[in-house]
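Colleague: Need coordinates for the below:
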Amino acid sequence: MNWSNSDFNHAPTVDGICRLLEAISRPAELAGVTDMSDRWISALIAMLAHGFHNDNNHLKDDKGFHPLTIEHYTSTSFDGLSSDDKQGASRERGTHLLRLCRLIYDLCTALNRLSGGTTLCLHHPGATAPLTDIHAEDLSASLYINPRLLAQHTECHQTITQITQLFIEGCALPVAQSSREARLAHGWRQDLRSHSVQHEYDVIPLIPLPSNGTHSSNFDILG
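Modeller: Down below sits the predicted model:
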């Protein structure tokens, strides 16, 4: 029996992780490790996502979204929940995406440290906040970068900023626009506002402070 035919084969969604947690018990050898809960969930996510990058399913589409996007945001586990419980479940899905990002950053860091190289990882979630316009200056991108590169090669700062801005303008912007169209196609309402927030770009550094503390490798870059 291969993995795809096993009872452990689930999508790496919140519900998929919950089902896998019911099917697989944490090894007894790990019971005494105090910070094991997050590590165990990260291991399960990696297990469920294994092989995704070359599974030939990238172009699957349901009115503009990959089927897993729809499953993530409109899980049947929302059925019968109160308004407060739905908000809690929605926050749980946001936390799940954050956990995925952190796992990716951890693996990028491991790759850099083992290989001696460097990695840039840029991400925009597609969705935009309610009541926001969709212009490049209203978007931001999450950037993983090795703090060692920033510290030892300051000449790279401008290049990193240029790459990030090109990503926001050339990739994040059209994806955010198509994401809004897909949300409308699925009946997920999202209103527009009439004006943009004006940022003081003359006081924004090329590379801002990390978003998760001084020693973090995660940065939020404005468009």
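Colleague: Could you measure from residue 45 over to residue 38?
Modeller: Residue 45 sits 10 Å away from residue 38 when distances are taken as C-beta to C-beta, to the nearest Å. No exception for glycine: its C-beta is placed from N, CA and C like everyone else's.
Colleague: Which residues are in contact with each of the two?
Modeller: residue 99 (C-beta atoms under 8 Å, 6 or more residues apart in numbering).
Colleague: These two - which one has more neighbours?
Modeller: residue 45 (19 against 11; other C-beta atoms under 10 Å).
Colleague: For the nearest residue to that one once chain neighbours are set aside, list the residues it contacts.
Modeller: Closest residue in space to residue 45, ignoring its immediate chain neighbours: residue 12 at 5.2 Å, by C-beta to C-beta, 6 or more residues apart in numbering. Each residue near residue 12 by C-beta under 8 Å, 6+ apart is listed here: 45, 48, 49, 52, 100.
Colleague: What residues sit buried inside the lengthiest helix in the chain?
Modeller: When the chain is parsed with DSSP state H, its longest helix is helix 83-115. Within helix 83-115, the residues that qualify as buried by neighbour count (16 or more other C-beta atoms under 10 Å) are 93, 96, 99, 100, 103, 105, 108, 109, 112.
Colleague: Following the chain past it, name the next helix or strand.
Modeller: Going down the chain from helix 83-115, the next helix or strand is strand 120-123, by DSSP states H and E.
Colleague: which residues sit against the very next helix or strand once past that next one?
Modeller: Toward the C-terminus, strand 120-123 is succeeded by strand 140-145 as the next helix or strand (DSSP H and E). Strand 140-145 is contacted from outside by 101, 104-105, 108, 118-124, 160, 164, 167-168, 172, 207, 211, 217-223, using C-beta under 8 Å, 6+ apart.
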